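Participant: sharing a model that was predicted from the sequence below.
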Amino acid sequence: MSTPQGLGMPFVVSTSLAKPDPNLRKFIRRHVMMGKNRGKTRQTKRKRQESSELRDAANPEKLLTESSDRASLIATRHSTIPPKVGSELSTIQLADAVEPSIVATVLQFSSIAKQALYPLESCISFDKGDKRQWIEPLSFDSAYLHTMVFTTHDYFNLLLHRTPCGETSPHFFKTLRILRERLLREGDGSSKISTLTASIVLALASHALLVKEYSSAKHHLEGLRKIINLRGGITTFKDSLKLLIEIIRCDLGMVFHCGTRPLFLDVLSWQRFPLHPESHQIEFPCNTDKVPKSINGQLVMIWTTMERFCSIINFAAKSKSRIPKEIFLNTMASVMYGLIDMEFDVRSTDEVIRLGLLAFSSSVFLQWKQMRMSYAHFSALYKDCLMRVDFSNIPAQLQLWLLMVGAISVFGKVDNEWLEPPLTATMNLCHIGSWTDMRDLLSTFMWIGIAHDELGKSVFDSMYVLTIA
């Protein structure tokens, strides 16, 4: 074997009929394969790619922090023949001049929005067209475009605990200016009350709640109420149920944050939606016997409604199926508005059960999966009731459910000092010795595993240490 000096191509000379030695065979094979693979890049397996995308969707921090690094890496590896000319954004015609990197964050948020905002997302059948309706207006409505820019960026700032640098402020003020011009423009009545305009006002209200600007949130919600009245009432959104769900969630969020009266109670005038088509396969528990016999009859009806909803969701989670979003909307509105509309003495059993049901419902319908919301007004209201109610009339198991529901839904670390003594004492009364014991007891009342197990076990672990100390 000889190799001409100065050349990168070796020559193999064989003049014998004998087999070449092993080292020579390896040498030949290695150079043959180098020739075959030259100019090729290794293709990522589809399954590996899909699983990576799912992990990114479940971890928005990773999605954001790695997106720029991944883009530069791909550009380097495929610089010879790029797979396409331009980025994904190059094919999108935006309604106004916005930096592509900023719009990229909006598109990233659209890919994880339902998972981030709905703890029960895996069990709810949202239309595949929902995302398209969310993205398409970016190309023709400048107010909507700027609204999505500042709301999604501020969401990620809060989620990732980043201090806002004011980079989205111009988009916020542009939204207000364009929206004001639209509402004051004469002879353009249809755009003033369009579904898109309502969506923009709702986004302003929800953003104000997110950043705790409650007076602004109230102002925007009242404006939204006027738009809906001009449209002919809440029933005009029957074809936009996803938007209606967000309107009700925002309205209820305002009630929980500030104690204001809800603005959209008229949604209760709708005809009740049917149960899940497969509900006949579900064994609904009948645990109203665990509730004191003397409680208000309407409260018992709402308890039963919420209990059946939990059974449907647990069935859907176990069977990997989904419920229509109409059931989600109907249960949320009928249960939560119904409870808010009731009044009982603060020291009564009725009141502590009413507030316990509201706390539990907030963890199911209002809380975000990726970021837990705090409700200062309702938290103080529930705490006051728990401190004043006469627990001698309430079974220990129900007491434990009421305390645990508060711990996983509306109480925070600042509440541990007053919450720990009654919670640990009640755990001992109920002979709770493990998380399995605790979960089994809670499930005899109301409990949704996919929404509550992780938080519930965390609370149990912190309290169990105290019970054995």
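Facilitator: Good, I have the coordinates. Residues are numbered from 1 along each chain as shown.
Participant: what does stretch 253-269 rub up against?
Facilitator: Stretch 253-269 is contacted from outside by 205-206, 209, 212, 214, 217-218, 221-222, 224-225, 228, 233-235, 244, 247-248, 251-252, 333-334, 337-338, 340-341, 362, 366, 373, 375-378, 381, 410, using C-beta atoms under 8 Å, 6 or more residues apart in numbering. (Each C-beta comes from the backbone N, C-alpha and C, glycine too.)
Participant: mark which of those are buried, thanks.
Facilitator: The neighbour-count test (16 or more other C-beta atoms under 10 Å) marks 205-206, 209, 214, 217-218, 221, 224-225, 228, 234, 244, 247-248, 251-252, 333-334, 337-338, 340, 362, 366, 375, 377-378, 381, 410 as buried among those.
Participant: just give the number of residues close to Asn393.
Facilitator: By other C-beta atoms under 10 Å, the residues close to Asn393 number 11.
Participant: equivalent analysis for Ala208, please.
Facilitator: By other C-beta under 10 Å, 20 other residues sit near Ala208.
Participant: again with Phe360
Facilitator: Using other C-beta under 10 Å, Phe360 has 27 neighbouring residues.
Participant: show me what contacts it?
Facilitator: Shown in contact with Phe360 (C-beta under 8 Å, 6+ apart): Met306, Val405, Ser409, Met446.
Participant: how far away is the residue most central in space within the chain from Val346?
Facilitator: The geometric centre of the chain, computed from its C-alpha atoms, lies nearest to Leu117 (C-alpha atoms, centre = their mean), at 1.7 Å. If you measure Leu117 against Val346 using C-beta to C-beta, to the nearest Å, the figure is 33 Å.
Participant: what about stretch 335-349, how long is it end to end?
Facilitator: Taking C-alpha to C-alpha, to the nearest Å, stretch 335-349 runs 18 Å from one end to the other.
Participant: Ile323 against Asn314, yeah?
Facilitator: No: using C-beta atoms under 8 Å, Ile323 is not in contact with Asn314; the gap is 11.2 Å.
Participant: neighbour-wise, which of those two wins?
Facilitator: Ile323 (22 against 18).
Participant: so the more buried one bridges to which residues?
Facilitator: Here Ile323 sits in beta bridges with Ile124, as judged by DSSP bridges.
Participant: could I get the contacting residues of it?
Facilitator: Residues near Ile323 by C-beta under 8 Å, 6+ apart: Cys123, Ile124, Ser125, His276, Ile312, Ile313, Ala316.
Participant: quick one: average pLDDT of stretch 151-159?
Facilitator: Averaged over stretch 151-159, pLDDT sits at 84.
Participant: avg pLDDT for stretch 345-356?
Facilitator: pLDDT averaged over stretch 345-356 gives 96.
Participant: name the residues that touch that stretch?
Facilitator: By C-beta under 8 Å, 6+ apart, stretch 345-356 touches 291-292, 294-296, 299, 303, 339, 342, 344, 378, 381-382, 384-386, 388-390, 393-394, 401-402, 405-406.
Participant: buried members of those into PyMOL, please.
Facilitator: Here is the PyMOL command that selects the buried residues among these (16+ other C-beta under 10 Å):
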select buried, resi 291+295+296+299+303+339+344+378+381+382+385+386+389+394+401+402+405+406
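Participant: gap between Pro292 and Pro395?
Facilitator: 8 Å.
Participant: what of Ser122?
Facilitator: Relative to Pro395, and taking C-beta to C-beta, Ser122 is found at 33 Å.
Participant: do the same with Ser101
Facilitator: From Ser101 to Pro395 the distance is 57 Å (C-beta to C-beta).
Participant: so who does the closest residue to Tyr144 other than its chain neighbours touch?
Facilitator: Spatial nearest neighbour of Tyr144, excluding adjacent residues (C-beta to C-beta, 6 or more residues apart in numbering): Pro137 at 4.4 Å. Contacts of Pro137 were listed using C-beta under 8 Å, 6+ apart, and they are Ala95, Tyr144, Leu145, Leu196, Ser199.
Participant: Ala451: which of these is nearest?
Facilitator: Taking C-beta to C-beta as the measure, Ser199 is the one of those closest to Ala451, at 26.5 Å.
Participant: which pLDDT value belongs to that closest one?
Facilitator: 94.
Participant: and for it, the neighbour number?
Facilitator: Should you count by other C-beta under 10 Å, Ser199 turns out to have 23 residues around it.
Participant: that one touches Leu243, doesn't it?
Facilitator: Yes: with contact defined as C-beta under 8 Å, Ser199 reaches Leu243; the gap is 6.1 Å.
Participant: returning to that earlier point: among the contacts of Ile323, find the lowest-pLDDT one for me.
Facilitator: When the contacts of Ile323 are compared by pLDDT, His276 scores lowest at 45.
Participant: if we can go back for a sec, surely the residue nearest to Tyr144 is in a helix?
Facilitator: Yes: checked against DSSP: H, G, I helix; E, B strand; the rest coil, Pro137 lies within a helix.
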